[in-house]
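Trainee: The amino acid sequence is not available; the structure is as follows:
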């Protein structure tokens, strides 16, 4: 066998590349080709041409003005997002300076009605898809004269004679927006007059406003998109369908109601009186009349609305609300078909959407507005002397909190998060739209005054003081030391009774004092008790033996468990009394 023949045997057969052919059903032409007839390959800005946006915008505004569902949804979206308006929370390191800045900024937002303008901008997103706000100087304002002036979307446009000059060496223009070569917006072309106003002196007159002086809020859905389209655009036809269907149902019901009745017969023509077909006659109210011989009187049966009318309205409202990212019960203000769990789940998704919108608004507008206000306030002398430069500031925005459907469950959840150190007071107060340091100072002042007036009662001393309170209800450092020292631990029966007392107190919100609750926590937790504490237990049981004679002490009695019974359990009950007395007797005998 030659060398050539060996190589010939080892040679591998040549591999032939087989092309892979894949297909998508949605890419095939079939009977539904008419459904895809309007699909195009336009770029984002080309697809949203001025004509397209104007048509959708006009129809959306018309629908909001004439459809109560859309009008209500638009107002609800604005109220839920903005509420009473954002409030700045400063973190400069100086409490006095923080409060001064926060108060001055709040006063300014109130003077220009910033919350109302933000709500208007949110409603504009529904019908216009974008909102514009100019930062202008208002000489009528005292102090800081910065103001915010809203303009409608059609006022930002490139005049007709300049439309052909959309590409320049420096960049390009997209319907009123001028860009540099990198794609940053450098200026906006704002018309002097609204195209639909009564003062159309010259439609081509416009101002070139620097990008730093204008806010453009919109939500692009495609890369390269620079103008917004109405959020309600996908549902516009559905709103029209709902109105037409409702009107048709009402018309059918009214038609049936308009007829008092009609004459009908099945008898041969020779046996009945002759009556002209479709003849009309007036019938007097509450009158007794005779009928032609052979004829019977019947009323027109109303077929509308049908049993599926409510179902249709619910489904179409749900579909309309979906593109606006709101649940049905928010869109319709109807939660009759919800249970607690499903309603809460829907609102959790909706709350997430609200957070995203607020984050957008903070970055797009509020942070910029705060910086512009600081610059103006510094010049106007509103800020205290020696204030650090704005670049060194730290701040956050506080919004209105949302009320929980079940406040008790939310309070318990907050308490659990705080106990397990999975949250902070700042975060919990922020959920309610409050500033934690302000609330704590206010609460401290209230507690101090209540103690002064002998009104204070701490219902959760085990949380606030770890169960270490003296007889006056104040924190007791010595008791904390005694807890850690060798002492006496209560028996199991007393522990069980103390736990029962704590559960009763949480359930009925009565019985015992802060000292009693603290003692129950010590007993139930098996902590060592000092001899002095055991002596106080014996004294308590001796003083309150008379409580056993009150109503509600024993099971089956009205008012069980009474306040006295709960307090007795907090101190360990009968088991705790027997144990404490035995310890005290033994120690006294040994002495």
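Mentor: Arrived safely. As the structure is a computational prediction, the values presented were derived from the model and not from experiment.
Trainee: Tally up the residues packed near residue 241, please.
Mentor: If you count neighbours by other CB atoms under 10 Å, residue 241 ends up with 15. Placement of C-beta: from N, CA and C, glycine included.
Trainee: what sits against it?
Mentor: Each residue near residue 241 by CB atoms under 8 Å, 6 or more residues apart in numbering is listed here: residue 316.
Trainee: helix/strand/coil for it?
Mentor: helix (DSSP: H, G, I helix; E, B strand; the rest coil).
Trainee: cool, and residue 131?
Mentor: Strictly by three-state DSSP, residue 131 counts as strand.
Trainee: Check whether it really touches residue 218, as I assumed.
Mentor: Yes - Residue 131 lies in contact with residue 218 (CB atoms under 8 Å); the separation is 7.4 Å.
Trainee: Those two: which is more packed in?
Mentor: residue 131 (25 against 21).
Trainee: now that one: how far from residue 156?
Mentor: Relative to residue 156, residue 131 is positioned 11 Å away (CB to CB, to the nearest Å).
Trainee: tell me, what's touching those two both at once?
Mentor: With CB under 8 Å, 6+ apart as the test, residue 131 and residue 156 both reach residue 216.
Trainee: Identify the contacts common to residue 131 and residue 218.
Mentor: residue 125.
Trainee: helices or strands up against whichever strand or helix holds residue 297?
Mentor: In this structure, residue 297 sits in strand 296-298 according to DSSP states H and E. If contacts are counted by 3 or more CB pairs under 8 Å, 6 or more residues apart in numbering; DSSP states H and E, strand 296-298 sits against strand 262-264.
Trainee: Check whether residue 351 really touches residue 402, as I assumed.
Mentor: Yes - between residue 351 and residue 402 there is a contact at 6.6 Å, judged by CB under 8 Å.
Trainee: So between these two, which is more surrounded?
Mentor: A count of neighbours by other CB under 10 Å puts residue 402 above the other of residue 351 and residue 402, at 15 against 12.
Trainee: before we move on, what SS does the more buried one have?
Mentor: coil.
Trainee: Might one say that it is in contact with residue 352?
Mentor: No - here residue 402 does not reach residue 352: they are 11.9 Å apart, not a contact under CB under 8 Å.
Trainee: list the contacts for the nearest residue to residue 54 once chain neighbours are set aside?
Mentor: Spatial nearest neighbour of residue 54, chain neighbours left out: residue 154 (6.7 Å); criterion: CB to CB, 6 or more residues apart in numbering. Going by CB under 8 Å, 6+ apart, residue 154 touches 54, 57, 191, 194, 195, 196.
Trainee: how about these, which pair is most distant?
Mentor: Farthest pair in the contacts of residue 154 (CB to CB) is 57 and 191. Separation: 15.3 Å.
Trainee: Low-confidence ranges, the stretch 101-250 of the chain, go.
Mentor: 160-171, 199-203 (pLDDT under 70).
Trainee: What strands line up against the strand holding residue 297, and which way round?
Mentor: strand 262-264 (antiparallel) (DSSP bridges).
Trainee: Name the next helix or strand downstream of the strand holding residue 297, please.
Mentor: Per DSSP H and E, the helix or strand that comes after strand 296-298 is helix 309-322.
Trainee: Any idea how far that next one is from the middle of the chain?
Mentor: Here the centre of helix 309-322 is set off from its chain's centre by 22 Å, with CA atoms, centre = their mean, to the nearest Å.
Trainee: buried ones in it?
Mentor: 312, 313, 316, 317, 320, 321 (16 or more other CB atoms under 10 Å).
Trainee: hey, which helix or strand in this structure has the poorest pLDDT?
Mentor: Comparing every helix and strand of the chain by mean pLDDT, DSSP states H and E singles out helix 477-484 as the least confident one, with a mean of 44.
Trainee: what about the nearest residue in space to residue 204 that is not next to it in sequence, neighbour count?
Mentor: Distances taken as CB to CB, 6+ apart place residue 159 nearest to residue 204, at 4.2 Å, with adjacent residues excluded. Residue 159 has 14 neighbouring residues, counting by other CB under 10 Å.
Trainee: about what we covered before: among the contacts of residue 154, name the ones in helices.
Mentor: Within those, residues falling in helices by DSSP state H are 54, 57.
Trainee: Closest one to residue 507 out of the contacts of residue 154, please.
Mentor: Checking the contacts of residue 154 one by one against residue 507 (CB to CB), the nearest turns out to be residue 57, at 57.6 Å.
Trainee: So the closest one sits against residue 153, correct?
Mentor: Yes - the pair residue 57 / residue 153 is scored as a contact, 6.6 Å apart, by CB under 8 Å.
Trainee: Find residues that contact each of these two.
Mentor: Counting by CB under 8 Å, 6+ apart, the common neighbours of residue 57 and residue 153 are 128, 129.
Trainee: tell me the contacts of the closest residue to residue 335 other than its chain neighbours?
Mentor: Closest residue in space to residue 335, ignoring its immediate chain neighbours: residue 329 at 4.2 Å, by CB to CB, 6+ apart. By CB under 8 Å, 6+ apart, the residues touching residue 329 are 335, 338, 343, 346.
Trainee: Mean confidence (pLDDT) on the host helix or strand of residue 329, please.
Mentor: Following DSSP H and E, one finds residue 329 within helix 328-332. Regarding helix 328-332, the rounded mean pLDDT is 90.
Trainee: Number the chain from 3, please
Mentor: I'll keep to 3 as the first residue from here, and by that count the last item is helix 330-334.
Trainee: So which residues of the chain form strands?
Mentor: 89-92, 132-139, 148-153, 175-176, 179-181, 187-193, 208-212, 216-220, 264-266, 298-300, 397-400 (DSSP state E).
Trainee: who does the first one touch, helix- and strand-wise?
Mentor: Under the contact criterion of 3+ CB pairs under 8 Å, 6+ apart, the helices and strands touching strand 89-92 comprise helix 97-113, strand 397-400.
Trainee: how about the ones you listed, which one is nearest residue 33?
Mentor: Comparing those by CB to CB, strand 397-400 comes nearest, at 53.3 Å.
Trainee: What mean pLDDT does the closest one get?
Mentor: 91.
Trainee: now do stretch 311-321
Mentor: pLDDT averaged over stretch 311-321 gives 89.
Trainee: same deal with stretch 53-73?
Mentor: On average, stretch 53-73 scores 93.
Trainee: do stretch 582-593 as well
Mentor: Averaging pLDDT along stretch 582-593 gives 83.
Trainee: burial measure for residue 138, as a count.
Mentor: There are 13 residues near residue 138, going by other CB under 10 Å.
Trainee: again with residue 571
Mentor: Residue 571: 27 surrounding residues under other CB under 10 Å.
Trainee: just residue 504 next, same as before
Mentor: So residue 504, with other CB under 10 Å, has 21 neighbours.
Trainee: which residues touch the spatially most central residue of the chain?
Mentor: Centrality entry for the chain: nearest residue to the mean C-alpha point is residue 353, 4.0 Å, by CA atoms, centre = their mean. By CB under 8 Å, 6+ apart, the residues touching residue 353 are residue 404.
Trainee: what separates it from residue 420, distance-wise?
Mentor: 21 Å.
Trainee: Can you name the residues bridging to residue 216?
Mentor: residue 136.
Trainee: For it, list the residues it contacts.
Mentor: Residues near residue 216 by CB under 8 Å, 6+ apart: 134, 135, 136, 137, 190, 192.
Trainee: ok, the residue nearest to residue 579 when sequence neighbours are not counted - contacts?
Mentor: Leaving aside its sequence neighbours, residue 579 sits nearest to residue 543 (CB to CB, 6+ apart; 4.3 Å). By CB under 8 Å, 6+ apart, the residues touching residue 543 are 570, 573, 578, 579, 582, 583.
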